[in-house]
Each structure stands twice: as structure tokens, then as C-alpha cells.
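Pasting the sequence and the predicted model now:
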There are 2 protein chains.
Amino acid sequence: MTVNRGSQIREGKAKILYQTDRPGTIIQYFKDDATAFNALKKGQIKDKGILNNAISCWMFKHLEKSGVKTHFLERLSDREMLVKKLEIIPVEVVIRNRATGSILKRLGLAKGRPFQPPLIEYFYKSDELSDPLIGETHIAYFKWATDEQLAFVRAQAFKVNDCLCRVCDEVGLELIDFKLEFGLDEKDEVLLGDEFTPDGCRLWDKKTGEPMDKDRFRQDLGGVEEAYREVYRRLESFFGQKT
Amino acid sequence: MTVNRGSQIREGKAKILYQTDRPGTIIQYFKDDATAFNALKKGQIKDKGILNNAISCWMFKHLEKSGVKTHFLERLSDREMLVKKLEIIPVEVVIRNRATGSILKRLGLAKGRPFQPPLIEYFYKSDELSDPLIGETHIAYFKWATDEQLAFVRAQAFKVNDCLCRVCDEVGLELIDFKLEFGLDEKDEVLLGDEFTPDGCRLWDKKTGEPMDKDRFRQDLGGVEEAYREVYRRLESFFGQKT
């Protein structure tokens, strides 16, 4: 069954969302645009859109097999993924296996400090407010999710972590932290949405400890395209198929 | 039974804590020093220590009568309060009845927006880190309180709010928000600690909406001493006794 791309819904920092002619679905188009620090830093990473679409497709398929329900339907082209249309819960869910990034200064932690068990944090999804940290009390007060939905989101997030830590480990990467977004489908079922890519997670090479993710762009470490391509290459060999 | 002041334990921003010769107790000595913005702004408010000691004694006594267990034992002098020695839980508990202060920019809210029911927030008590906002997940992860202790703290905080909103209302003040600290006594019982004063709460005059608390100092509104004295005067007439 073919799907035709309709009008643009919204252009985000790394993706464009389009209507389709298949009810209840939208297309995520992955751009090469890269932003950091709430878009104060902007650039492009060659072929990032193609690599991220492929990586996300693999990860979503793998998660589905592991019992995590996602919005993923199919990869339509190099840069296009067909997904279920969701009403996004405006909460970014972050799982941290080691301390790095914003939490270091915020809580005075040493870089690389392991979190065992992993630490979960919530941020309010708002570009204008630069995605502020929130607690469960804010989510409940502002009705961003019901207690039941949040409990489910939390359990799913830990499941995603378990599942993808194993995948990363198999390909010589350590999954340091990542951000997830969830949403409600037409039946009010909570599904994992958005994407899972080196834009929204941190991956360190197991041998060298080198970052293989958007931190190379954020921190001007060089080798940004090479890192994305290397993550793609390793996952391609693990999943044993092009996408 | 007399109590003698022993050696200094610690000098804080607004109080000095002393050992005593009565086991399991310490003395809180209230200073006139005022600080704001994590002590970037410093000053003195004449007689603040005397007024705050009296206000806190009244509030703690009233809370005890209403079933909230506190560390309060007795007022020893103008500036000294005898309290039970607690192992402080390093979490500042904030209850907000209306939006003002740090939450405005953080969540993009309008000043004065009512929270119904009140909103509860948690901050990690750390001068070096400027008391960062935290969620329940941080409290659990870092074992700052057990789930059971946090549930109790939360319930007590709302009880304090109900109780003190009524008191404030009776004297023509609206209790806008406040910060509480809790700790464990020798029997591991969770008690309300620290103080309850215009340093750590916001009180607006019901008729004029004018702040009658440390915001006058923070924002250089003038009439700082007068506001503290007026809050003292109104509570004195409500409680019908000097202290």
C-alpha cells in the first residue's frame, strides 16, 4: 500500500512532519540540520538525516520485538519514516546510566559517575522555556499525563533502556543517556514516539570512551559525521540488514 | 529546667545553631542578617531575629496543636529557640498557592496565578549548587528520604499549608508560598524543622496585595522592617500573647 506525502504539519529542529493520505499516520522526514543548546548553536551534519532515519527504524523495530509499543510503521525512503499520529505528551523522559551533560553542574556530580539503577528525569517540552526540569508533581498538577500514564511511561523507559543497552553493548558502545518522547494514539494508548538517534542519546565507545553522538557537535570535537556513520555501520552489521 | 548554651555548631545565613547541655536539643539563635539570591545580596533587617523567633514560635506551637509534629520545644529568649536536634533531610519542600518568584520564568507563568490545589516542589538543599530543583526520582535515587518519609513529608506540608493559610487569612494576609525543612529525631520520626518566618514564605496583604515578606528586601521595595513588624503585630494580636 503506497502512502502519499501531504502538506507540512510542522518543521522541527531535526525533522519535518507531514500529513499523509493514510488516516492516523504522519511522515517524519529527517533533515541534516543539527542544533544544540536550544538552537543557539546551529549547523549541518552531512547525511545525518539518512543515518538517523535508518538508526531509528532499526531501534523502533527492535523495541517492538521486545514488547515496547512505538509509533513506528515503516521506513518509506532514505529520509522518511511513516509513523502513527500521536498526541504528544509534553514531557521529555531522560534515562541516565552515567552522569554527563546538564546534570553535572546542576547536582555537582563527576562526569562518568555510574547510575545504578539508572536515574530517570523529566523535562517540560518547551522551546521557549528551554525544556526546564520538572518533577512528577508538575506533571500531575498541569495534567501533562495522568498518574497511570506516567507510571506506564516510566516502566517503558526503563524497558527501552534495558533493551538498547544490550544492543549498544553488542556493538561496542555504551548507552550513557537518552531522551524519549511518548504520545497517545487514537485509542488513547501510550506509545513511544519521536526518534532514537545519536541526536538524542549519548553513546561512548566502550574501548576508548570517546563520544559517538551529538556531543561531538555540541563540544566541537570534530569527526561528527564519522561518528554518526560509525554508529550506523555497527548497528547495520548487528541488525544484519541495510534498514 | 534551665538550659545552657554550649559551643557553636554552625552559623547559617539567618541563624546560628548551638549545642546545649540538655541531650537531644540544640538552640536556634535568630540573627538580623538577611540574604537573597543565594547570598549574592546581603544586608540586615533591624530586629528581624527577634521578630522571626517570635513568629516561628507562634507558628510551631499552633502547628503542634493542629497535629503537625515539629522540632519546637520552647522559646528561651528574644532570639533563642530550643529545638530537638534533627538529622535534616536535605530537601527543601516548597508549597505554592500562587505563582511568584523562581517558578514564573522557569515555567512561563503569570505572577499571581493561583494553584488550586497547591503545587508542591522539591529543591536539593545545597548552597554550593544554589538549591537546585529536583524531582521525587532524585530524592529516591540519592536516598535523601525513603518513599515512606517523602509521602509523610508531603502530607505534612499540605497540612501546614491548610493550617497556616487559615491563620494568615484571619490576620488579613494571604500565604502565597513557603519553604519547609524536615528532619529525623533520635527515634527516626520525621519532624518539621528549621523555622516559619517571612524570610522563608511569601505573605501578601489581602487588601492591597503588597508583599509583607523578604521580597521587600530582595526587590528593594523599601519598608522591609515595617513589613516584618506588621506581620509580627498582626500575629501577636491573633495569638493573643507576646510569644
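Sure, I can see it. Because the structure is a prediction, the values reported are computed rather than measured. Numbering: from 1, shown residues only, chains lettered A, B, ... in the order given.

From here on, just use CA atoms for contacts and neighbour counts.
Will do.

Secondary structure class of the spatially most central residue of chain A, three-state.
Geometric centre of chain A, nearest residue: residue A:196, 3.3 Å, by Cα atoms, centre = their mean. Taken by DSSP: H, G, I helix; E, B strand; the rest coil, the conformation at residue A:196 corresponds to coil.

can you tell me how far residue A:86 sits from residue B:2?
Computed as Cα to Cα, to the nearest Å, the residue A:86 to residue B:2 distance reads 68 Å.

With residue A:109 instead?
45 Å.

The two - which one has more neighbours?
Neighbour totals were compared for residue A:109 and residue B:2, and residue A:109 leads with 12 against 7 (other Cα atoms under 10 Å in any protein chain shown).

List the contacts of that one.
Under the criterion of Cα atoms under 8 Å, 6 or more residues apart in numbering or on different chains, the contact partners of residue A:109 comprise A:99, A:103.

let's go with 7 Å and repeat that
Residue A:109 makes contacts with residue A:99, as judged by Cα atoms under 7 Å, 6 or more residues apart in numbering or on different chains.

Need the pLDDT of it.
As summarised for this prediction, residue A:109 has a pLDDT of 98.

which residues touch the residue of chain A found nearest chain B?
Among the residues of chain A, residue A:135 lies nearest to chain B; the distance is 4.1 Å by Cα to the nearest Cα. Each residue near residue A:135 by Cα under 7 Å, 6+ apart is listed here: A:122, B:134, B:135, B:136.

cool, and residue A:240?
Contact partners of residue A:240, counting by Cα under 7 Å, 6+ apart, are absent.

circling back to that earlier point, so the residue nearest to the centre of chain A is in contact with residue A:56, correct?
Yes. Under the criterion of Cα atoms under 7 Å, residue A:196 is in contact with residue A:56, at a separation of 4.9 Å.

Can you work out which other helices and strands pack against the top helix by length along chain A?
Scanning chain A for the helix with the most residues, using DSSP state H, yields helix A:147-170. Helices and strands touching helix A:147-170, as assessed by 3 or more Cα pairs under 7 Å, 6 or more residues apart in numbering or on different chains; DSSP states H and E, comprise strand A:173-180.

who's in contact with the strand it packs on?
Applying Cα under 7 Å, 6+ apart, the contact partners of strand A:173-180 are A:92-98, A:165, A:168, A:200-206.

Check stretch A:193-209 too.
With contact meaning Cα under 7 Å, 6+ apart, stretch A:193-209 is reached by A:52, A:55-56, A:59, A:70-71, A:172-179, A:181-183, A:210-214, A:228.

mind checking the end-to-end distance for it?
Between the opening and closing residues of stretch A:193-209 we find a distance of 29 Å, counting by Cα to Cα.

Distance from that stretch to the middle of the chain?
9 Å (Cα atoms, centre = their mean, to the nearest Å).

Same question for stretch A:182-194.
Mean-position distance between stretch A:182-194 and its chain equals 15 Å (Cα atoms, centre = their mean).

Going by neighbour count, which residues in it are buried?
Residues of stretch A:182-194 classed as buried under the neighbour-count rule (16 or more other Cα atoms under 10 Å in any protein chain shown) are A:182, A:183, A:184, A:185, A:190, A:191, A:192, A:193, A:194.

now swap in stretch A:89-106 and tell me
Burial within stretch A:89-106, assessed by neighbour count using 16+ other Cα under 10 Å, is assigned to A:89, A:90, A:91, A:92, A:93, A:94, A:95, A:96, A:97, A:98, A:99, A:100.

same check, this time on stretch A:223-238
For stretch A:223-238, the neighbour count (16+ other Cα under 10 Å) marks A:224, A:225, A:227, A:228, A:229, A:231, A:232, A:234, A:235, A:236 as buried.

tally of neighbours for the residue nearest to the first one when sequence neighbours are not counted?
To tie it back to what came earlier, the one meant is residue A:224. Nearest in space to residue A:224, with sequence neighbours left out and distances taken as Cα to Cα, 6 or more residues apart in numbering or on different chains, is residue A:216 at 5.5 Å. Look at residue A:216: counted by other Cα under 10 Å, it has 17 neighbours.

picking up where we left off before, need the buried residues of stretch A:89-106 in JSON lines (columns: distance to chain B).
Shown next, in JSON lines, are these (distance: Cα to the nearest Cα, whole Å):
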{"residue": "A:89", "distance to chain B": "16"}
{"residue": "A:90", "distance to chain B": "13"}
{"residue": "A:91", "distance to chain B": "13"}
{"residue": "A:92", "distance to chain B": "14"}
{"residue": "A:93", "distance to chain B": "12"}
{"residue": "A:94", "distance to chain B": "11"}
{"residue": "A:95", "distance to chain B": "11"}
{"residue": "A:96", "distance to chain B": "12"}
{"residue": "A:97", "distance to chain B": "12"}
{"residue": "A:98", "distance to chain B": "13"}
{"residue": "A:99", "distance to chain B": "13"}
{"residue": "A:100", "distance to chain B": "15"}
